[in-house]
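Peer 1: the amino acid sequence is not available; the structure is as follows:
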């Protein structure tokens, strides 16, 4: 089946990474190097998909004040994209790096009016076809209610899409209403959903409550402890190789994209999880806010085992 893939990023950013000669609160710290790029979970997923040759459309909101700069970053990455212009500006998020220290500062996002929300729902209703994969990822515009977000997701699902979610704003009840094809929580996000402290040994069992409310698959990422894919049919565990972790920014996005790459290429579930683990591992070894690529993920694949 020829599936189209869409990523939806409602609260994107321009990510500014600054390497400094120190992070001392009582001294003047100097910038050694600086990089700027488009950021957002959905955009990161699109980048990885593109690297693997999976055609996809990146749908994003962008404030009118700096939308052209934002679009230039997407063009530089050779992504296909549609931008819905909103008031204000795309937020700039800061990452400060010094030696093995990282400080992240995320600004508040832009706003989305009810009129533009309706336009986006109509856009998805016309564009998406049965069997397509639609990824909703990242945080929400500050004025968008969770219930409105759910209605947007259900619009895509109502068009027959397989919905993949990677966000920290939904509750167990919300997931029960949406019944998505796939969600990708980390252990901290899963704790928020189930409402109790978790460890790497208890997390997989607790994730079963999501299957009970109708989530089809849960791709639970556990950092250095690998990942687990749970569904009603099977459980697949991937062990992460021991590597030097330089930055975990984008690792979860890379893992989600890796799973989708395997799925749209028709691979068995175990191979999809293996590719997801390879993408997450490859991303974690980068000293920046970048994501996995086909080459870096393939280099990790031989060291990934699944069962």
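Peer 2: Sure thing, it's come through. All values derive from a computational prediction rather than experimental measurement. Numbering: from 1, shown residues only.
Peer 1: skipping its backbone neighbours, what lies nearest residue 238 in space?
Peer 2: Using Cβ to Cβ, 6 or more residues apart in numbering and skipping the chain neighbours, the partner closest in space to residue 238 is residue 277 (3.9 Å). (Glycine included, C-beta is placed from N, CA and C.)
Peer 1: quick one: secondary structure of the one you found?
Peer 2: Recorded secondary structure, residue 277: helix (DSSP: H, G, I helix; E, B strand; the rest coil).
Peer 1: how close does it sit to residue 253?
Peer 2: Noted for residue 277: a distance of 14 Å to residue 253, by Cβ to Cβ, to the nearest Å.
Peer 1: list residues touching both of these two?
Peer 2: Counting by Cβ atoms under 8 Å, 6 or more residues apart in numbering, no residue touches both residue 277 and residue 253.
Peer 1: tally up the residues packed near residue 262, please.
Peer 2: Look at residue 262: counted by other Cβ atoms under 10 Å, it has 21 neighbours.
Peer 1: and what about it, helix, strand or coil?
Peer 2: Secondary structure assignment for residue 262 (three-state DSSP): helix.
Peer 1: who are the contact partners of the residue nearest to it when sequence neighbours are not counted?
Peer 2: Distances taken as Cβ to Cβ, 6+ apart put residue 272 closest to residue 262, at 3.3 Å, once the chain neighbours are dropped. Applying Cβ under 8 Å, 6+ apart to residue 272 gives the contacts 229, 258, 259, 261, 262, 263.
Peer 1: quick check: the farthest pair among the residues you listed?
Peer 2: 229 and 261 (14.4 Å; Cβ to Cβ).
Peer 1: so who does residue 227 touch?
Peer 2: Going by Cβ under 8 Å, 6+ apart, residue 227 touches 219, 220, 221, 237, 238, 240, 255, 273, 276, 277, 280.
Peer 1: so which one among those residues has the lowest pLDDT?
Peer 2: Ranked by pLDDT, these bottom out at residue 240 (78).
Peer 1: gap between that residue and residue 300?
Peer 2: Counting by Cβ to Cβ, the gap from residue 240 to residue 300 is 9 Å.
Peer 1: fine by me, we can end here.
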